[in-house]
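Peer 1: Need a 3D model of the sequence below.
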Amino acid sequence: MKSLIVKGFLFLISSLLSREAISQSITENYIQADVKICGKPSDSKGTTGGSDYIKKITFQPYVVDENETFSVSCAVKTNDIQSLIIYWPDYDKGMLLLNDIPCDSITLFDNGQNGDIKANDNIFTIYNLRRNSAFIQFNYVGGFFVRYCNVKYIFRNGSSVIENVDLAFGIRFINSQKVDIPGVLKINDSIQYSSHVVNLVEELEGQSLNDYMNNSFKIEVEVIKKYYKYFPDDRDFFVVSSTFPTPNAPAGWCETVSNDIVGISSPDNIYNLSPNYGSGGRLKSIISTFFTYGGNAGLVNHEILHKWAAYLSSKLYLTDGTGHWGAVEFQNSGLGLFCGQHLYRLNDTIYRIYNDRNNAKVGYNTLELYLMGLLPFDSVSFPIKSLVNFKYKGSYWFWNTNYEPALYESGSEFTADSISYVDKAKYLKYMPLRNPDFSISQKDFYYEGRRKKE
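Peer 2: Sure thing, here's the model as predicted:
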């Protein structure tokens, strides 16, 4: 069996307010545990929001060596703030070190001291932060990403207020002993490239972050057209990754550009929009990722899979209507939100799905590989068990010490009408076989990773 081969290099985009020098960026070129992230449905856009006080917050720099120190810089909208405190959420406490001591919060100043570069410029700073290697561990590339936090603002008049805000910013760590930093070649001031990276600078003077997010589709089309002026049309996917905060954005979404495959959606949908981007027909999808500063292997694998799944007939009760699987028993999945290794009925109306605690599997399952053209239909594991007309009820867990070893179970609870079983005959009743089939389907795919940068 041939496996999916994804090859490519980062294609950096510098956009929005100013022209900046190229930065070195690293992505994972290895398999990483799949993450269950709720991506946006295909061809949909999110909106951005923000704080009443914070204009912009970033780690500086946003890519560092594994033991390198870094700072946090926060620009605010008012002159009235004396200092601000960011309280890490419970699951992030102790992940970073401040002056080599684990911290639950950080305090930023705008007084030219305490790590602040310039006093009274409405930019608050703290420095000498470092990764806590006891919690953030990786072989090649790691990261730390911050979403909703409580932020306390102390004003010059002595008053204070606490705001819960989606900061949506992050930092990447690299193991420079294992990851090579490539050299950079220059075509002109707007285009540089290396063995791993192409950087295109697109200046949009006077545009705000909201302006960019609201017009990102139009901007990306123009930048991709510019890319094709200098580089060959040999990419199947573009992966766009932001390097600036993106509050209220999803982890990522996939915009499908073309499809010539029968048997992966109901009804079949054959189209080719790639010429709109300057491609002669090769381009299949544009994947956008947010707040992860380069995405991660699990998220990219998830969004790439949206090119082929999950758009099956609703009569199979395998999908949830948003391009994801429903409540389905899969041993592993690159796309499932509510999937798990075990599905059972707890009582007349409550059902549970959970994974084995010590035997969790990652990667694409046999149905996903079939839809991608990487397995023949006869290799799909049937029957497939799923819930009919399910509604998510919540998470659950229990620990039973009456067993040896103790029994631990953690998963999701649902209400549903019944359990459905899909065998080969039922599948083929509602879905035609994939065409082209495994014998002639495309097996090697190339993607172009691109970064959006201010």
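
Peer 1: low-scoring stretches of the chain, by residue?
Peer 2: Low-confidence segments of the chain (pLDDT under 70): 1-50, 196-197, 202-214, 243, 293-295, 358-360, 448-454.

Peer 1: all helices in it, in order from the N-terminus.
Peer 2: Along the chain, counting by DSSP state H, helices occupy 209-214, 216-230, 297-305, 366-372, 424-430.

Peer 1: of those helices, which approaches residue 400 most closely?
Peer 2: Each of the helices of the chain was scored for nearness to residue 400 using Cβ to Cβ, and the closest is helix 297-305 (30.7 Å). The way it works is simple: take the backbone N, C-alpha and C, and place the C-beta from them, glycine included.

Peer 1: hang on, the earlier thing: minimum distance to residue 52: which of the helices of the chain has it?
Peer 2: When the helices of the chain are compared by Cβ to Cβ, helix 209-214 sits nearest residue 52, at 14.6 Å.

Peer 1: okay, now the closest residue in space to residue 112 that isn't next to it in sequence: neighbour count?
Peer 2: Closest residue to residue 112 apart from its sequence neighbours, by Cβ to Cβ, 6 or more residues apart in numbering: residue 119 at 3.4 Å. For residue 119, the neighbour count with other Cβ atoms under 10 Å is 11.

Peer 1: correct me, but residue 119 touches residue 125?
Peer 2: No - look at residue 119 against residue 125 with Cβ atoms under 8 Å: they stay out of range, at 10.6 Å.

Peer 1: so what sits against both of the two?
Peer 2: Common neighbours of residue 119 and residue 125 (criterion: Cβ atoms under 8 Å, 6 or more residues apart in numbering): residue 110.

Peer 1: got the helices of the chain as TSV, with mean neighbour count and distance to residue 138 columns?
Peer 2: Formatted as TSV, these follow (neighbours: other Cβ atoms under 10 Å; distance: least, Cβ to Cβ, whole Å):
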stretch	mean neighbour count	distance to residue 138
helix 209-214	17	29
helix 216-230	16	29
helix 297-305	23	11
helix 366-372	23	26
helix 424-430	13	39
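
Peer 1: closest to residue 333 out of these?
Peer 2: Closest to residue 333 of these, according to Cβ to Cβ: helix 366-372, at 6.8 Å.

Peer 1: Check the offset of that closest one from the chain's centre.
Peer 2: 21 Å (Cα atoms, centre = their mean, to the nearest Å).

Peer 1: got it, and stretch 74-90?
Peer 2: 26 Å.

Peer 1: buried ones in that stretch?
Peer 2: Residues of stretch 74-90 classed as buried: 74, 76, 81, 83-88 (neighbour count, 16 or more other Cβ atoms under 10 Å).

Peer 1: same check, this time on stretch 170-181
Peer 2: By 16+ other Cβ under 10 Å, the buried positions in stretch 170-181 come out as 170-174, 179.
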